[in-house]
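K.L.:
Whatever this is, show me its structure:
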Amino acid sequence: MTVFAATVFAVLVMLAASSDVLSRRIPNWLTLTMVAAFFPLAWASGMTLPVLSVHAGIGLGLLVIGFAVASLGFFGNGDGKLLAAAGLWIGSAALADFLTWTALAGGLLALAVLVWSFLAWISSHLASGRQHRSGWPREKLPYGYAIAAGALLALPESWWSNPFPQ
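P.N.:
Below is the predicted model:
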């Protein structure tokens, strides 16, 4: 059952990343589905109540952090909700890996968008023949992609890969 549950999580997190990349939105129904699927799948997979409580606490903590970061304008509210939903699934065993991988993927994403924006800016200026300085394009990062990458890379270290440690 843990393989099935981990697969459900992986599919949902990839759908969220795809939605964010394509539309710059992560639908509420998707993050709510991730949260709603967690509890019955955790129970069916044999997760104990104390472990489930830790997972829930991590999800709530990341929700607060996600909304705080979103209120500062670093990413959107959908990204904050996805961070919390993914944290609920990842739990404490792989939380450090999840946050580290997410930060690294976010940095690579930011660098790629910066290079792409710079090349597009130069190309548009060369094509139009403008000699004056105009504003630098401000791209919004689809940070759901980085969150999904972090979650998928941390999943092998989570409870779902080793639910009953020796």
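
K.L.:
name the element residue 82 belongs to?
P.N.:
Assigned by DSSP states H and E, residue 82 belongs to helix 77-90.

K.L.:
residues in contact with that helix?
P.N.:
Residues from elsewhere that reach helix 77-90, judged by C-beta atoms under 8 Å, 6 or more residues apart in numbering: 9, 13, 16, 20, 25-28, 31, 34-35, 38, 55-56, 58-63, 65-67, 69-70, 95, 98, 102, 143-144, 147-148, 150-151, 154-155, 158, 160. C-beta here means a position set from N, CA and C on the backbone, and glycine is covered the same way.

K.L.:
Quick check: mean pLDDT of that helix?
P.N.:
Confidence for helix 77-90, expressed as mean pLDDT, is 95.

K.L.:
Low-confidence regions, the protein specifically.
P.N.:
125-139, 163-166 (pLDDT under 70).

K.L.:
Spatially central, which residue of it would that be?
P.N.:
Geometric centre of the chain, nearest residue: residue 147, 2.0 Å, by C-alpha atoms, centre = their mean.
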